[in-house]
Each structure stands twice: as C-alpha cells, then as structure tokens.
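*Asks:* sequence unknown, structure follows:
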C-alpha cells in the first residue's frame, strides 16, 4: 500500500516509530494530488507548497522531541466555508470570490494548534446549499468511483479528497446531510456530531440552528481521532456546549454485545434502491452475529421532517445571507443607480440559482401573512420530530438506517428539478432537525460498483456509542479504507 | 397552493433580488412545487405544540463586559469593495 493510501492511525504508527518523516507523508499526498486532482476536482484552492514547508519545519522540530499528538503532521483539507486567514474562503460563490477572512475558524485554529498540515480548501455547493456539489460557482467535483457521477453534497470536495486519497482527512459541514450523504456516495466515513459539540465560529453561516462541522475519514478510528481535536467548548460560539472532554478512542473497540440497535420501517420506504436495502439487511445480520439486539422501532411523524427542514433552513438562510450586500466584503456589481439598486444588482449577479431559490423560499416563509403557516409551523413540527426521536431512543441505543435512498446519481441528472434533488436528503435531514449525532459508514457496493452508506443515529451526545457501533461493523465486515478504482487507472 | 408571478416579484423585492421575466416564471413553478410539498405540514394539528427554535436547552450565555483585542480599522476594511477615510463607502443615500 502506498503511503498516501493509509489511514491517519497507520501513518501515526510510522511517524511515531520514525519510519517516515512528515515531509515524506506530505510529499506522497502532494504527488497524489498532482496525479488525480485533475480528474476529481475536489479542491478549490491548494496550498501544497506551504504544506511542504510546514512539513519540513515540523520534521526539524519533531527530531528533538519524543512525543507527537495524533494529528500532528497529518495533511488535511477544509471545506471552503471555514474561514482561513490569508487564504481565500469563497463558499464556492462568486459573491465571495475575493474574500480573505480577517480571522480563522475555531476548528482551523485548533488544527493549527495541533500541528495539522493544510493542503487546501475543498469544493462545495455554493453556501452549502445542494446535494451534489453541482451548485459550485467554480467547478464540478467528480466521484472517484465513477467520474460521471456526483460526489454528493454539499461537502462533495471534502468527501472526494478522502475517497481519492488526496487528503488523510477533511472537515465538512452538515446542515441537512451535507457530510453524511457525500460520505455515503464516496465510500468514506462521515460524521455529524451533536449540535453544539464543535464550534461554528468562523463557519460561514447557512442555517445557524442546524449547521454543524464534522470529519470525513478513511475509517472509524480516524473519525474518533479527528473528533478528539475539533470537539470542545468555544466562548466565541454562544451555542457551543461546555462539557468535559472525552477521548473518543477509549471505548472504540469494546464491541456491541447487548447493544440495542433499532430499525424503523419508515426509513426503508418507497424510493429505496433495492441494493441499498439488501446491503442494510446484510449489515443487520452482521450486528446480530456480533451480539447486538435488533429491535423494531417506529416513528409517527417522520414524513413531515423534509418539509420542516426546507422551511427552517431556507428561512434562516434568507436571514443569514442578507449580509451579502456589496458594501463590506465580497463582490459588488459594477453598475448601479442608487444604494438599493447596488444591493439588488450585487445580490442578483453574485448568487447562483439555488442560493437565490432558497433565499426566495425563506423570505416567503418569513413574510407577513405566511409566517404562521410555514415558519412557525415548521418550528412546531421540529418539536414533534424531536419527541419522535426521544420515544424511539427510549427503545433502542442506536438507530440503523440507510444514509441516502440511492447510491450516487449522474452529473446533471437532478439539476433541473429542485424538489427531486431535495428528496435525496430524506434520511439525513431529520437528524439536524433534532440536533442529534449521526455517522455514515460504507456498508457495500451496488451492482455498478458504487458505494452504499449505512447511517447510525443516537440520542444527543451519543458519539461514543455511535463510533463503537460503527467500528464493530467496520471491523467485522472488512469494509474499511475502501479504494475507488480511480487509483488503478491513472 | 401555487405561487403567482406577482408573489415572486413581491418577495424578490423583499429579498433585494432581481429576476428576468423568464426567471420569474420558472421560480413561480419551482417554488410553487416546494410549497405544495410543504403543504403536508398543514395536515398536522400543532395548535398545542410549542415551537423549538433551538434543539438544546442552552439559555442566554453571558460574559463579562471586558475590552478584548479585535480587528483593527484597516483589517475590518481590507475586504471592502470601496472605502474612504477609514469608513465603508456607499452611494449617496440622501439627496
């Protein structure tokens, strides 16, 4: 196995034994980027030279030091909606084509503090609105398992960088499935932590009550390692939880004997690809052999989650994106008559179609006469969905579902019908509505060789249990650090 | 329920957006379809349900009112399309 194909914990072993240097590791992944990035287009901008310099400096420093921390010297990528001082942060939008943030996102500061090596900023749907990364104003990212298919979205670039071995790990953001769905489509591990667990400071806001940052990794152990660094209280984010730190690797390998895993028929309904269903049934069988108890659970109101999600997220987006006015930063239209015209021209030329659609939907849902029918109603439905999850987790520890109804679809296949695109998020959005954590892990391939994802959900702050359940499955099934065929053809 | 072209134009003004005639027609269709889908919500009786704004019971978070380092004037203006004398510059608002 090539160096760039390894997991973080495998690289850690080599670095700790001084069998490789940080420079060798970084050079290996930079070479990999030079070979495959032109096929996958995962990155919007690259910092490979700065990465190699940082690697060299770290090697010099590590030579005189016995211990290193688990992410020290490991090259990674960040979704381009996390602020990086001195490095453009565009959100894949023309609106922020020249935006150089004056401060760092808290997660970036934590990774700098921990000695991470930033390779670049990854592509995404503009302002994280989309399910295929096709809404980027700059480029189309391709799925390494089939270059004619989408990587999912909105964190498509982050998923692809890990799947194509052009980063050891990446961070994404998940508002309605934007980490889990692309992880599923690209055959990697992706986790959305409990709302409030990871600071959102410096994450460009989409829907503030739903947004959460989380990792993409090659296996579950790596997910725990990254989580260890990015989780923690931050006074700069007033929704950040102030809890005692835990080491997510501690109980990772304890197994699932006696764990109650719930299966709800509402997640296996109409529109589910037969191979996805089959793959999930196989996963359930594996859990049984591992000694987990499989229990039937059911939801009363899950059908309402998607509608509530699109109302809440669009309403919050319309409010959050009001700041893009062409005055303080970002794009400004060249020609305009007066101040209001400046706003209109700037926003109409700077935002892409999907972003405008969401702003329109959100503005409508918040406008006089419709607020009660749409926005307030959606917030009430949120209470009901939360109660539904509470009741389900009264009967099980973990809920097992498909991550998405299908495997990755073709580029251009769903772009003309927004509603059809929204429906691809049907199994992921209820999680954000309830604020609970979820992880997607690979659980097989369909007949065309495209990855299938299994989603594990748990109550608020159950990350440790989810990781334990995910690790047990991965270990037993051998579906770990999967390699897309891309690696062999180039 | 469907959305009229007038609805689209009215909301566009609220959102400070402009659309061509064709775009207005397309938006009326597309947003209408999403709103029709969202109509399912109206079938649910929520008259006795409290709205959840935030999923966690985090209340107001206060800190001491202390002066801390912040952006300099230069840093704050660095990304501005136009600035003058330490201020953001906008087109004339008053006649």
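*Replies:* Cool, the structure landed. The shown structure was predicted, so the numbers you read here are calculated from the model rather than taken from an experiment.

*Asks:* what does stretch A:285-298 contact?
*Replies:* With contact meaning Cβ atoms under 8 Å, 6 or more residues apart in numbering or on different chains, stretch A:285-298 is reached by A:255-266, A:284, A:392, A:395-396, A:399-400, A:469, A:472-473, A:476-477. Where you see a C-beta, it was placed from the backbone N, CA and C, and this is true even at glycine.

*Asks:* now do the strands in chain A.
*Replies:* A:43-46, A:75-79, A:117-122, A:169-174, A:189-192, A:212-217, A:260-264, A:293-297, A:398-402, A:438-445, A:451-457 (DSSP state E).

*Asks:* ugh, wrong one, I meant chain B
*Replies:* With DSSP E as the criterion, chain B has strands at B:83-84, B:87-88.

*Asks:* the last one near chain A anywhere?
*Replies:* To tie it back to what came earlier, the one meant is strand B:87-88. Yes: using Cβ under 8 Å from any Cβ of the partner chain, strand B:87-88 reaches chain A at residue B:88.

*Asks:* that strand pairs with which strands, parallel or anti?
*Replies:* Paired neighbours of strand B:87-88 in the sheet (DSSP bridges): strand B:83-84 (antiparallel).

*Asks:* per-residue pLDDT of residue B:1, please?
*Replies:* Listed pLDDT for residue B:1 reads 58.

*Asks:* now do residue B:41
*Replies:* pLDDT at residue B:41 comes out at 89.

*Asks:* redo the strands of chain B as a markdown table? Include mean pLDDT.
*Replies:* As requested, those are arranged in a markdown table below (pLDDT from 0 to 100):
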| stretch | mean pLDDT |
| --- | --- |
| strand B:83-84 | 97 |
| strand B:87-88 | 97 |
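
*Asks:* I'd like these as CSV, with mean neighbour count and distance to residue A:233 appended.
*Replies:* CSV is the format used below for the strands of chain B (neighbours: other Cβ atoms under 10 Å in any protein chain shown; distance: least, Cβ to Cβ, whole Å):
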stretch, mean neighbour count, distance to residue A:233
strand B:83-84, 13, 36
strand B:87-88, 12, 34
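
*Asks:* residues in contact with the spatially most central residue of chain B?
*Replies:* With distances taken as Cα atoms, centre = their mean, the residue of chain B nearest its centroid is residue B:15 (7.0 Å). Residue B:15 makes contacts with A:318, A:347, A:359, A:360, A:363, as judged by Cβ under 8 Å, 6+ apart.

*Asks:* what residues are up against the first one?
*Replies:* The neighbours of residue A:318, taking Cβ under 8 Å, 6+ apart as the test, are A:358, A:359, A:360, A:361, A:362, A:363, A:365, A:366, B:15.

*Asks:* now chain B against chain A: closest residue?
*Replies:* residue B:55 (2.9 Å; Cβ to the nearest Cβ).

*Asks:* leaving out chain neighbours, which residue sits closest to that residue?
*Replies:* In space, and not counting its chain neighbours, residue B:55 is closest to residue A:435: 2.9 Å by Cβ to Cβ, 6 or more residues apart in numbering or on different chains.

*Asks:* who's in contact with that neighbour?
*Replies:* Going by Cβ under 8 Å, 6+ apart, residue A:435 touches A:194, A:195, A:196, A:386, A:460, B:55, B:56.

*Asks:* report the contact partners of the fourth one.
*Replies:* I take that to be residue A:386. Per Cβ under 8 Å, 6+ apart, neighbours of residue A:386: A:433, A:434, A:435, B:52, B:55.

*Asks:* now do the helices in the stretch 151-300 of chain A.
*Replies:* Assigned by DSSP state H, counting those that start in this stretch, the stretch 151-300 of chain A shows helices spanning A:156-163, A:180-186, A:220-230, A:274-289.

*Asks:* I'd like those as a markdown table, with mean pLDDT, mean neighbour count and distance to residue A:201 appended.
*Replies:* Output for these, formatted as a markdown table (pLDDT from 0 to 100; neighbours: other Cβ atoms under 10 Å in any protein chain shown; distance: least, Cβ to Cβ, whole Å):
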| stretch | mean pLDDT | mean neighbour count | distance to residue A:201 |
| --- | --- | --- | --- |
| helix A:156-163 | 98 | 35 | 19 |
| helix A:180-186 | 98 | 35 | 23 |
| helix A:220-230 | 98 | 25 | 12 |
| helix A:274-289 | 98 | 16 | 36 |
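
*Asks:* which stretch among those comes nearest residue B:83?
*Replies:* Proximity to residue B:83, assessed across the helices of the stretch 151-300 of chain A by Cβ to Cβ, is greatest for helix A:156-163 (32.5 Å).

*Asks:* so what does the closest one touch, helix or strand wise?
*Replies:* Where contact means 3 or more Cβ pairs under 8 Å, 6 or more residues apart in numbering or on different chains; DSSP states H and E, helix A:156-163 is packed against strand A:43-46, strand A:75-79, strand A:117-122, strand A:169-174, helix A:180-186, strand A:212-217.

*Asks:* residues near residue A:409, how many?
*Replies:* Neighbour count for residue A:409, taken as other Cβ atoms under 10 Å in any protein chain shown: 20.

*Asks:* check residue A:62 too.
*Replies:* Applying other Cβ under 10 Å, we find 18 residues neighbouring residue A:62.
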